[in-house]
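*Asks:* Below are the sequence and a predicted model for it; my questions follow.
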Amino acid sequence: MADYQLIVIGAGPGGYTAALRAAKLGLHTAVIEDRECGGTCLNRGCVPTKALLHASQVWSDAHHCAGVCADGASLDLPALYRHKDEISQTLSSGIEGLFRSAKVTLLRGRARITAPGCVEITGQDAGTVTAEHILIATGSVPARPPIPGLELAMTSDELLKGTDRLYRSIVIMGGGVIGVEFATFYSDLGCEVTVIEGLDRLLPGMDRELGQNLAQLLKKQGVRVFANSMVQRVEQGKDGLTVHFTTRGKEDFVTGEAVLSAFGRSPNWKGLFADGLQPETDGRRIHTDENGQTSIPGIYAIGDVSSPVQLAHVAAAQGTACVERLAGRTPSVRLDLVPGCVYCRPEIASVGLTEADGKARDIPVKVGKCTLFANARTMIAGTGRSFMKVVAHAQTGVLLGAQLMCEHATDMIGQLSQAIANGMTARQLLAAMRPHPTFEEALGEALEELVAKLPE
């Protein structure tokens, strides 16, 4: 008889959510983790980054808000990083408490799958444990492409460990979510920032207008942005680190006191399987079927280790769906509708289809858009160019997507995700009264423009 019905390897958002859901559904569950509970998101990613961004926004607002004089204000960077660590530690301890309450066994150490249903642990709780099912939720690590001199650059993991002083200048290689959030943080604090992105715009995985507008706003703040630029090498110079890159075939370079490698993240499963036990992969990610099962029966994988969409809430939803299927339940959350959030200034959030997606898939769509130039809350906040777009099927009016670039976009995207998940039309969503003065008022205007384009 197996020791457990389910063993989850990894206590990040996907792993701990899956374990707690499994326990609630009556499965005898254990979690194996060799670091802090909460994984990358809680300890080296989403949460600590947002703690830094909150502080940098307070600093920036204090220095740019009309009627506020912040002369004499000072920045205590070590205290800021301590506060960040305290938040992560508190939340991590909270997860351990949830495990205890749910009677989920937490095993400390590094896991190695030696056979289906069998896991060897090295470390504090060394030994061998067995289970009917194994769920891999080991997340990802910063990507390290083969660029000469890249070892001179920091990863986001290293940068989040903290420094005792603010860099005078920083070069960020990569204009995705990680890159633009750190660009926002350092720009807020007055650091000289350069962002180099290989594709034609920032945030290349999102609606084109979002990345283009963000680049304009960052440039107004003094950030240098180089798109369509490929990094060639990083070198140590007498004035700092020099990043050499090519832009449209022309060579260029920029020097900074520090360099951040923000080329995304790679699935983390090295050393997880014993010799002779290898799941099917694409060379990077572990392949899974519609139930989350790998090519090895009884072994499942969720989150960054198997999914091209590397988001904490995706991992959590996949983990929940996987254990619900194991317990004979129908998954409670749609896995095909993924909200994306970027905590730049102003915030960016999107869900569902863009107008370009509709055209690419031969889906007839109409788009309603509202710019927030005359929105009272936006004028008060002084956040610059902001907009909301909503996308609906051209014949039925059913909502298919939304793209927001405005204050509190990450908090507002949930209602649009809910509307799309439930097949609501633009007219139905427009029926709700929106309070004044709010940023959300603009959503009503965008919906009004959309409805005017739809058939009666």
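*Replies:* Good, I have the coordinates.
*Asks:* Which elements pack onto the helix ranked longest in the chain?
*Replies:* Ranked by residue count and defined by DSSP state H, the top helix of the chain is helix 77-102. Here helix 77-102 touches helix 13-24, helix 39-44, helix 46-64, strand 105-108, going by 3 or more Cβ pairs under 8 Å, 6 or more residues apart in numbering; DSSP states H and E. From N, CA and C alone the C-beta is placed, and that goes for glycine too.
*Asks:* Just put those in a markdown table and tack on mean neighbour count.
*Replies:* Converted to a markdown table, those look like this (neighbours: other Cβ atoms under 10 Å):
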| stretch | mean neighbour count |
| --- | --- |
| helix 13-24 | 27 |
| helix 39-44 | 25 |
| helix 46-64 | 18 |
| strand 105-108 | 18 |
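*Asks:* Identify whichever of these lies nearest to Ile299.
*Replies:* helix 13-24 (13.7 Å; Cβ to Cβ).
*Asks:* Just grab the bridge partners of the closest residue in space to Val177 that isn't next to it in sequence for me.
*Replies:* Excluding its sequence neighbours, the residue lying closest to Val177 (Cβ to Cβ, 6 or more residues apart in numbering) is Val342, at 5.3 Å. With DSSP bridges as the criterion, Val342 is bridged to Ile348.
*Asks:* Cys118 is in contact with Arg112, correct?
*Replies:* No: using Cβ atoms under 8 Å, Arg112 makes no contact with Cys118, being 9.6 Å away.
*Asks:* leaving aside the residues next to it on the chain, what's closest to Phe185?
*Replies:* The spatial neighbour of Phe185 that comes closest, neighbours along the chain excluded (Cβ to Cβ, 6+ apart), is Ser56 at 4.8 Å.
*Asks:* typo on my end, it should be Ile178
*Replies:* By the measure of Cβ to Cβ, 6+ apart, the closest residue to Ile178 outside its immediate chain neighbours is Ala262, 4.3 Å from it.
*Asks:* I figured the one you found hits Ala183, correct?
*Replies:* No: look at Ala262 against Ala183 with Cβ under 8 Å: they stay out of range, at 9.0 Å.
*Asks:* Common neighbours of those two, please.
*Replies:* Common neighbours of Ala262 and Ala183, using Cβ atoms under 8 Å, 6 or more residues apart in numbering, are Ile172.
*Asks:* how many neighbours does Met154 have?
*Replies:* The number of residues packed near Met154 is 18, by other Cβ atoms under 10 Å.
*Asks:* And it, how close does it get to Ser261?
*Replies:* For Met154, the distance to Ser261 equals 7 Å [Cβ to Cβ, to the nearest Å].
*Asks:* Against Thr90, how distant is the residue at minimal distance from the centre of the chain?
*Replies:* Residue closest to the mean C-alpha point of the chain, counted by Cα atoms, centre = their mean, is Leu311 at 4.5 Å. Leu311 sits 23 Å away from Thr90, going by Cβ to Cβ.
*Asks:* Point out where the stretch 1-150 of the chain drops to low pLDDT.
*Replies:* Counting by pLDDT under 70, not a single residue of the stretch 1-150 of the chain qualifies.
*Asks:* what comes up buried for stretch 439-449?
*Replies:* Buried residues in stretch 439-449, counted by 16 or more other Cβ atoms under 10 Å: 439-447, 449.
*Asks:* Which of those sits closest to Arg427?
*Replies:* Taking the buried residues of stretch 439-449 together and measuring to Arg427 by Cβ to Cβ, the closest member is Leu447, at 8.2 Å.
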